[in-house]
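Visitor: Next comes the sequence, and after it the predicted model I'd like to discuss.
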Amino acid sequence: MIARLACGSLYGVDAYRVDIEVDFSRRGIPAFVMVGLAEGAVREARERVSSALRASGFRIPPARITVNLAPADRRKAGSAYDLPLAIGLLAACGIVAPEKIQGWMPVGELSLNGEIRPVPGVLPLALLARAEGARGMLVAPEAGDEAAVVKGLAVYTPRTLGEAVAFLAGESELAPRVCTPPRPETAAYARDFSEVKGQEHAKRAIEIAAAGAHNLLFIGPPGSGKTMLAQRIPTVLPPLSFDEALEVTKIYSVAGLLGSRGLMTGRPFRSPHHTVSDIALIGGGALPRPGEVCLAHRGVLFLDELPEFRRSALEVLRQPLEDGMVTISRVARALSYPADCMLVAAMNPCPCGYRGDSRHACTCSPAALDRYRAKLSGPLLDRIDLHVEVPAVPREDLQAPVSGRTGTDSASMRERVARARAIQTRRYAGTPCRANSALSGAMLDQYCALDAESREFIGLASDRLGLSARAYTRILRIARTIADMEESPSIRLPHLAEAVNCRVLDRENQT
């Protein structure tokens, strides 16, 4: 007898349908054969399923069992096939009526004693089940909230293989998992910008960057507060929308980092160490997984001590910073991960860290400084919108009390950022653009039009600073964000002047 059952497999952050076909025949020599480009973990399902069936009280008579995973030309990986394989086998040998399993999508790994364990990627699989019109989905209890986030899909969470089979056979009842997805809201952060003493220029730059989703680079001596500032950037970003929360949750689900959370409600903040490998940063591997830049989608990727990262690792960031996507190509396939994040980086002005510091003498030779700066390529720096100096904090600011400071606390900054983002949302409604940092082509000409005085100013600045075409457009985007923060319908000269002032490396290159 042949039994068929639908399940799913992951491809990037999405899922596609896989049909499990189980042929149970008493003819021929007893054997178990699996076809359909199954990877190691899938082939090992034979041993896990056999032990789980015995532990659950099911006895499968000796037979020739052939399992086909269709489509047969796509590789299947992971342990999510254990549960559907066990149910399909029981239906093929007649223990469960084949019509009882039709329309259901079971997903889960089986332990040797028959318990159902959670697997990565339950949310994309649940979205697939809804799209396929499944009667319902069976998952491990730990993954119930994750699957139940998908509206219009009945989710059941049996603890064991025996419970799942009894439910499908109509011998017992299971209550559907009810999960009211939490509305993404601003989290109660442990850190706040009111704790940061001084650095008003850097806070202003952070507000501009957050308002327009711009990339940001801090340059300053050790102890000036660069890391402290970066860690607080998520506290001024607007809360995730529900659609954005789903995007982020899918990535963390596929990466196996979601845990018991049903939905990611806070913007991610990823801070990899400078020893991170190229693949860990960008994603990939023999079985491709999202990298740090993908895990920071809709959030912040913070790279501290930027020149200490391997140059090869930094260069692979060019495409995602420009396109908001990571494309991983292999001989037989190519897949894409979303990677629309805000890059925030920090670096010292020189190898010793004290160039330009009035309180410490710099010991670096010109050659050492050139080698240090050469670790960062021009094309990479061009993709960072704002370059901001973070000088050492004066003693007077350090001794000032934290209490009573208004205007630069996270709540006030977040409110101003939200107003600027709302202006952009209305302006770019119906277009692929969601923030000023993504403006290009005709949209840049339309929304960043300059009057005669402003055109003359930006022309002089471009000639004097030797701006590249990319740096020129970055300045226009920053100016557009500054104008939005002032609720100005057009870009004026003060907006452009402040935008140019936010590109300190362009000025240094001419000194």
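Guide: Thanks, I have the structure now.

Visitor: CA atoms for contacts and neighbours, from now on please.
Guide: Noted.

Visitor: list the helices and strands the helix or strand in which Ala245 is found packs on?
Guide: Counting by DSSP states H and E, the element that carries Ala245 is helix 242-254. In terms of contacts (3 or more CA pairs under 8 Å, 6 or more residues apart in numbering; DSSP states H and E), helix 242-254 is packed against helix 122-131, strand 289-290, helix 292-295.

Visitor: do that again at 10 Å, thanks
Guide: Counting contacts by 3 or more CA pairs under 10 Å, 6 or more residues apart in numbering; DSSP states H and E, helix 242-254 is packed against strand 14-25, helix 122-131, helix 144-148, strand 289-290, helix 292-295, strand 334-338.

Visitor: now it: how far from the chain's centre is it?
Guide: Per CA atoms, centre = their mean, to the nearest Å, the displacement of helix 242-254 from the mean C-alpha position of its chain is 8 Å.

Visitor: swap in stretch 391-399?
Guide: That offset, for stretch 391-399, works out to 36 Å (CA atoms, centre = their mean).

Visitor: And for stretch 235-253?
Guide: In terms of CA atoms, centre = their mean, the centre of stretch 235-253 is set 9 Å apart from its chain centre.

Visitor: Next, please give the residue ranges for the helices of the stretch 251-400 of the chain.
Guide: Listed from the start of the chain, the stretch 251-400 of the chain has helices (DSSP state H, counting those that start in this stretch) covering 278-282, 292-295, 311-315, 318-323, 366-374, 378-382, 395-399.

Visitor: and the helix holding Ala245, what's its mean pLDDT?
Guide: Computed over helix 242-254, the mean pLDDT rounds to 93.

Visitor: again, but for stretch 451-468
Guide: Mean per-residue pLDDT for stretch 451-468: 90.

Visitor: Any chance you could list what contacts it?
Guide: Outside stretch 451-468, the residues that touch it by CA atoms under 10 Å, 6 or more residues apart in numbering are 378-379, 382, 449-450, 469, 471-476, 490-497, 500, 505-511.

Visitor: Backbone dihedrals for Glu115, both of them.
Guide: The phi/psi pair for Glu115 (degrees, to the nearest 10) reads phi -70, psi 150.

Visitor: which ones are touching Asp14?
Guide: Listed by CA under 10 Å, 6+ apart, the contact partners of Asp14 are 8, 121, 123-125, 127-128, 250-251, 254, 335-337.

Visitor: Mind doing that once more with 8 Å?
Guide: Each residue near Asp14 by CA atoms under 8 Å, 6 or more residues apart in numbering is listed here: 124-125, 250.

Visitor: Check Phe24 too.
Guide: By CA under 8 Å, 6+ apart, the neighbours of Phe24 are 1-2, 63-66, 89, 92-93.

Visitor: thinking again about what came up before, what are the C-alpha coordinates of the helix holding Ala245, in CSV please?
Guide: What follows is helix 242-254, C-alpha atoms only, in CSV (Å, rounded to 0.1, in the frame of the first residue of the first chain):
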residue,chain,number,x,y,z
PHE,A,242,3.4,43.3,12.7
ASP,A,243,4.6,42.5,9.2
GLU,A,244,8.2,43.5,10.1
ALA,A,245,8.0,41.4,13.2
LEU,A,246,7.0,38.4,11.1
GLU,A,247,10.0,39.0,8.8
VAL,A,248,12.4,39.0,11.7
THR,A,249,10.7,36.0,13.4
LYS,A,250,11.1,33.9,10.2
ILE,A,251,14.8,34.6,10.1
TYR,A,252,15.3,33.7,13.8
SER,A,253,13.0,30.6,13.4
VAL,A,254,15.1,29.3,10.4
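
Visitor: in that helix, what's buried?
Guide: Using 16 or more other CA atoms under 10 Å as the burial criterion, the residues of helix 242-254 that qualify are 242, 244-254.

Visitor: same question, stretch 358-367
Guide: For stretch 358-367, burial by neighbour count (16+ other CA under 10 Å) applies to 362, 364.

Visitor: gap between the two ends of it?
Guide: For stretch 358-367, the first-to-last residue distance is 22 Å (CA to CA, to the nearest Å).

Visitor: same check, this time on stretch 48-65
Guide: Using CA to CA, one end of stretch 48-65 lies 15 Å from the other.

Visitor: ok, now stretch 380-391?
Guide: Using CA to CA, the end-to-end distance of stretch 380-391 comes to 23 Å.

Visitor: What separation is there between Gly225 and Asp385?
Guide: Shown here: Gly225 relative to Asp385, a distance of 20 Å by CA to CA.

Visitor: neighbour count winner among these two?
Guide: Taking other CA atoms under 10 Å, Gly225 and Asp385 do not tie; Asp385 has more neighbours (25 against 20).

Visitor: Pull up the gap between the more buried one and Ala72, please.
Guide: Per CA to CA, Asp385 is found 47 Å from Ala72.

Visitor: Could you do Leu217 as well?
Guide: Look at Leu217 and Ala72: by CA to CA, they are 48 Å apart.

Visitor: Just want to know which of those two has more residues nearby.
Guide: Each of Leu217 and Ala72 had its neighbours counted (other CA under 10 Å), and the higher figure belongs to Leu217 (30 against 14).

Visitor: Arg470 contacts Ile384, correct?
Guide: No. Using CA atoms under 8 Å, Arg470 is not in contact with Ile384, being 9.9 Å away.

Visitor: re earlier: figure out which of the helices and strands packed on helix 242-254 is closest to Ser277.
Guide: Distances from Ser277 to each of those were compared using CA to CA; the minimum, 10.3 Å, belongs to helix 292-295.

Visitor: Between Arg470 and Ile384, point out the one with more neighbours.
Guide: Neighbours of Arg470 and Ile384, each counted by other CA under 10 Å, are more numerous for Ile384; the result is 21 against 13.
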